[in-house]
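1. I would like the atomic coordinates for the input below:
(one chain, ligands or ions: 1)
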Amino acid sequence: MQIESITLHHLSMPLVSPFETSFGRATHRDCVMVEVRAEGLIGWGECPADSNPGYSYETAQTALHILRDFLAPAVLATEVADAAAFQERVAWVRGHAMAKSGLEMALWDLQGQREGRSLRALLGGESPSVAVGVSVGIQASPEKLLDTVASYLADGYRRVKLKIKPGRDVAEALAVRRRYPDLKLQVDANSAYTLETADALRPLDDLGLLLIEQPLGEDDLWDHHRLQKGFRTPICLDESVISPRAARQALEMGSCRVINIKQGRVGGLLNAIEIHNHCREQGIPVWCGGMLETGVGRAANLALASLPNFTLPGDISATARYYERDITHEVFTLNADSTITVPDKPGLGVTVDRNALAVFTVTKVEL
Ligand code: NPG
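-> Predicted structure coming up:
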């Protein structure tokens, strides 16, 4: 594909309700949409770097910088065969996985449109719909949490993830477990504990949780191994798995028994598939994480989650859980069985609503 132009759109989108995690409270979600024109087609990619470095060192501003000054120049006005060719060309760029993933996604979208194949088909996905759950932010009190969970269950979600942090963990999980003894339930600490303070989490081991996600440092593998030894509940890694190599090492060390795959965090769909395949060979279940994506990133997550080893429900909720107005014309809804249907049109299978895009654009860079 001959790459003709690239436009970067830094967006800030209001969330339907504030989302609180151990690293902060968000009322808006930033991202950088990458628009790539080639051969009369337009491909879209979403870089999920947020306004602040609470989850990752990457921010929308660092992603704009890396995309504008290094990644886009590597492909502009050149022939790029596919996502693999792009990754080879930018392999010298250290880190900045989310920036890379945004441009890579746009190339997949272009490839799919050109070949008339859906992203699911390109990636080797199987299921036409994928099991999903909902991620519930830290609430004002355990009572408020029960109300919020009840309303998501009324919406049809059949798997719930609770955000936790020190002091807002066991009582909350216990309250939900008592009310819903059979609910598929898991917790996510986003690196809020140390090996020492994680002792407070011990009662969680008796709650029949699907998993405990990223309790310790975002750069840690070894202490997670030590923690996992003392827990029957699987530890799941998110932040710490930044590449296929990190995934392999985490499994070799016994740092976790489940992996959350986010294509943005690992540098794109190619790396995500590599991690998926390795976990499958090792008998390790994976699930698709979410970063409050717009309809563009959500379409990519759905295609990815249709691969066979995504055996646990993903953090891929319906559009209405995140945004009153999204930037895609397509709106994702929850099916009665707590699944979402994977788009089957060519490429990502979604179209961007230019009016909505303009409403949420903070900065636009045309290259
Ligand atoms: O459904 O997209 C979703 C949100 C799932 O909890 C979720 N994401 O730590 O995994 C996380 C968290 C997150 C949100 C991380 C935004 C980074 C940014």
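
2. Helices of this protein, residue ranges please.
-> 60-66, 72-75, 83-89, 97-115, 119-123, 142-155, 170-179, 222-229, 244-253, 269-282, 295-305, 319-322, 354-360 (DSSP state H).

3. nearest to the ligand, of those helices?
-> helix 319-322 (7.0 Å; Cβ to the nearest ligand atom). Heads up, the C-betas are built off the backbone N, CA and C, glycines and all.

4. Could you name the helices and strands sitting against the closest one?
-> In terms of contacts (3 or more Cβ pairs under 8 Å, 6 or more residues apart in numbering; DSSP states H and E), helix 319-322 is packed against strand 3-21.

5. To what extent is the nearest residue in space to residue 338 that is not next to it in sequence buried, counted in neighbours?
-> In this structure, residue 338 finds its nearest non-sequential neighbour in residue 158, 3.7 Å apart by Cβ to Cβ, 6 or more residues apart in numbering. For residue 158, the neighbour count with other Cβ atoms under 10 Å is 18.

6. What residues does residue 158 make contact with?
-> With contact taken as Cβ atoms under 8 Å, 6 or more residues apart in numbering, residue 158 is in contact with 131, 133, 183-184, 313, 337-338.

7. Looking at the closest residue to the ligand within the chain now. What's its pLDDT?
-> For the chain and the ligand, the shortest gap (Cβ to the nearest ligand atom) falls at residue 290, measuring 2.4 Å. Looking at residue 290, its pLDDT stands at 98.

8. Pick the most buried one from the helices of the chain.
-> Of all the helices of the chain, helix 295-305 has the most neighbours on average by mean count of other Cβ atoms under 10 Å, namely a mean of 29.

9. Render the CA-only coordinates of that one in CSV, please.
-> Taking C-alpha atoms only, helix 295-305 is exported to CSV below (Å, rounded to 0.1, in the frame of the first residue of the first chain):
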residue,chain,number,x,y,z
GLY,A,295,-16.0,2.3,18.6
VAL,A,296,-12.8,2.1,16.6
GLY,A,297,-10.7,0.4,19.3
ARG,A,298,-13.7,-1.6,20.4
ALA,A,299,-14.1,-3.1,16.9
ALA,A,300,-10.4,-4.1,17.0
ASN,A,301,-10.8,-5.6,20.5
LEU,A,302,-13.8,-7.6,19.4
ALA,A,303,-11.9,-9.1,16.4
LEU,A,304,-9.0,-9.9,18.6
ALA,A,305,-11.2,-11.5,21.3
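
10. about what we covered before: okay, the helices of the chain in a markdown table with mean pLDDT and distance to the ligand next?
-> Converted to a markdown table, the helices of the chain look like this (pLDDT from 0 to 100; distance: least, Cβ to the nearest ligand atom, whole Å):
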| stretch | mean pLDDT | distance to the ligand |
| --- | --- | --- |
| helix 60-66 | 98 | 12 |
| helix 72-75 | 98 | 24 |
| helix 83-89 | 98 | 23 |
| helix 97-115 | 98 | 10 |
| helix 119-123 | 98 | 18 |
| helix 142-155 | 97 | 11 |
| helix 170-179 | 97 | 15 |
| helix 222-229 | 98 | 16 |
| helix 244-253 | 98 | 16 |
| helix 269-282 | 98 | 15 |
| helix 295-305 | 98 | 8 |
| helix 319-322 | 98 | 7 |
| helix 354-360 | 98 | 16 |
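
11. could these go into TSV alongside distance to residue 48?
-> Shown next, in TSV, are the helices of the chain (distance: least, Cβ to Cβ, whole Å):
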stretch	distance to residue 48
helix 60-66	9
helix 72-75	18
helix 83-89	17
helix 97-115	6
helix 119-123	17
helix 142-155	22
helix 170-179	26
helix 222-229	23
helix 244-253	18
helix 269-282	13
helix 295-305	6
helix 319-322	12
helix 354-360	15
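
12. Just tell me which of those helices ends up closest to residue 5.
-> The closest of the helices of the chain to residue 5 is helix 72-75. By Cβ to Cβ, the value is 9.4 Å.

13. that older thread, mind checking which of the contacts of residue 158 are buried?
-> 131, 133, 183-184, 313, 338 (16 or more other Cβ atoms under 10 Å).

14. now, which of those residues sits nearest residue 64?
-> When the buried ones among the contacts of residue 158 are compared against residue 64 (criterion: Cβ to Cβ), the nearest one is residue 133, at 31.7 Å.
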